[in-house]
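S.K.: Build me a model:
(2 chains)
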Amino acid sequence: MELDYILNSTIALLKGFKVTYGLFFSTLIFSLPLGLLIALARISRYKVLQVFTGTYIWLLRGTPLLLQVFFVYFGLPALGITLNNMTAAILAFALNYAAYFAEIFRSGIQSISKGQYESADVLGLTYAQTMRRIIIPQMVKRVLPPVSNEVITLVKDTALVFGIGLLDVLRTAQIIVTRDFDITAFIIAAIFYLLNTAVLTFVFRKLEQRYSYYTI
Amino acid sequence: MSILKVRNISKQFKNLEVLKGIDLEVEKGEVIAIIGPSGSGKSTLLRCLIRLETIDRGSIEVDGKPMVTEGSDGRSVYASEQDIRILRRKMGMVFQNFNLFPHKSVLENIIEAPIIVNGLSREKAESIADQLLQKVGLTDKRHNYPCELSGGQQQRVAIASALAMNPDIMLFDEPTSALDPELTGEVLRVIKTLAEAHMTMLVVTPDMGFAKEVANRVIFMDNGVIIEQGTPEDVFERTQHPRTKAFLGQILRS
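M.R.: Numbering: from 1, shown residues only, chains lettered A, B, ... in the order given. Next comes the predicted model:
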């Protein structure tokens, strides 16, 4: 009956979790550290690094994510590199999100007052020690809001990978809807994404609370 | 032997010459108050001493060792990074805006450099920190965070942090200027204690009363040059230079 159908559809949608969450977590694991490295390179005193990372950020923020996914999956084989669709998706997503995170991290770092650097400097800390122990920890607190934005967007961006034949939650829902002429699966998919966002919002709020032990 | 020898240093920021040939010799144990109108180069002088800024001309010698020497073409040549690092360690600096690390507790602020830079064990660093906290009167604030402290308390923590690295010279860049008047006393008291223990100090301050009470030399700077210097009595009571007189007159009027 109606409830049975909803239940069965939901179970069917769960198959899409593997792709959706696999991509979600893999992207974060790679793009967050990469984004930090790019941010540090972007503000380094070496002009070469500045220009290189600036160009990278422009290219990856300046073209659609879906296009980048296509480039990696369909384009790389021309260079002799053939990746399966999941690996291609993770690569494209990680490179793309790293660019966004890089700008977020850079703004967080640059919002920290010069006095912090000077204080660390006169105490004898090296640049690396200052970044690692003084600046980046403070940056984390500042970038939580914009990072939460990106992370929430990421869950929904994962839907793009149907373009290279991956069966994520949305694609699976679409198949069910087309097969059954019934939009119930779309509604379940929507609820799935909403629940995700609710959980992520909760997690980030907890993180912000954790960092509220000190003010700027 | 002087602990600081500054010869004819000049410094330019873009088109503005901020230091125009400053000569200064500081003996161990001297407490020098540097006074003058804003823009006179007082802070810049301090910052050049501890290499937060670089000079364009002249030389600076710390404890007999050159930090920067005058090159053959008149321009300053800095020593190697390693040598500069060693010389900078002999100095501690306290800033107008405290510049404490907000994400670390009072104790963590003070032990940070001793552990990370000097390689001390946590126990050793904590015991030094506790001694210093007692010295500045903040033992009960050990585990508080800077945002929970008043300005005067934060500045005292900043002083303790600088002292934890055992400097020979302490530089104070307007230590009380960002504080409410009621809070300046507690900071000045700490500085006075250091003076009584014969710590070599250079204090940029607008507080003439403090200069009179604690300093054994007062230097008046205006427009990048030292106009007049001497004992507090020399500068405040037996003022020689008209510009000094004008400046002091202004201060007294306000």
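S.K.: now the strands for chain A?
M.R.: With DSSP state E, there are no strands along chain A.
S.K.: Can you name the residues of it sitting close to chain B?
M.R.: Contact residues, chain A versus chain B (Cβ under 8 Å from any Cβ of the partner chain): A:113, A:115-116, A:118-125, A:129, A:133-134, A:137-138, A:141, A:213-216. Any C-beta I mention is one placed from the backbone N, CA and C, and that applies to glycine too.
S.K.: Apart from its neighbours in sequence, what residue is nearest residue A:122?
M.R.: Counting by Cβ to Cβ, 6 or more residues apart in numbering or on different chains, residue A:122 lies nearest to residue B:93, which is 4.5 Å off, once chain neighbours are set aside.
S.K.: What pairs with the helix or strand that neighbour falls within, parallel or antiparallel?
M.R.: Assigned by DSSP states H and E, residue B:93 belongs to strand B:91-94. Here strand B:91-94 has these sheet partners by DSSP bridges: strand B:169-173 (parallel).
S.K.: Pretty sure residue A:131 sits against residue A:40.
M.R.: Yes: counting by Cβ atoms under 8 Å, residue A:131 touches residue A:40, with 7.0 Å between them.
S.K.: Neighbours of the residue nearest to residue A:122, how many?
M.R.: 25 (other Cβ atoms under 10 Å in any protein chain shown).
S.K.: what pairs with the residue nearest to the spatial centre of chain B across the strands?
M.R.: Nearest residue to the geometric centre of chain B (Cα atoms, centre = their mean): residue B:171, 1.6 Å. For residue B:171, the beta-bridge partners are residue B:93, residue B:202 (DSSP bridges).
S.K.: quick check, whatever helix or strand comes next after the strand holding residue B:93 touching chain A?
M.R.: Downstream of strand B:91-94, the first helix or strand assigned by DSSP H and E is helix B:106-116. Yes: against chain A, helix B:106-116 shows contacts by Cβ under 8 Å from any Cβ at B:112, B:113, B:116.
S.K.: Determine the set of other helices and strands touching helix B:106-116.
M.R.: helix B:122-135, helix B:151-163 (3 or more Cβ pairs under 8 Å, 6 or more residues apart in numbering or on different chains; DSSP states H and E).
S.K.: residue contacts, the residue nearest to the centre of chain B?
M.R.: B:46, B:49, B:50, B:91, B:92, B:93, B:94, B:201, B:202 (Cβ atoms under 8 Å, 6 or more residues apart in numbering or on different chains).
S.K.: Residue B:158 versus that one, what's the distance?
M.R.: Applying Cβ to Cβ, to the nearest Å, the value for residue B:171 to residue B:158 is 12 Å.
S.K.: Pull up the overlap in contacts between the two.
M.R.: Common neighbours of residue B:171 and residue B:158 (Cβ under 8 Å, 6+ apart) are residue B:94.
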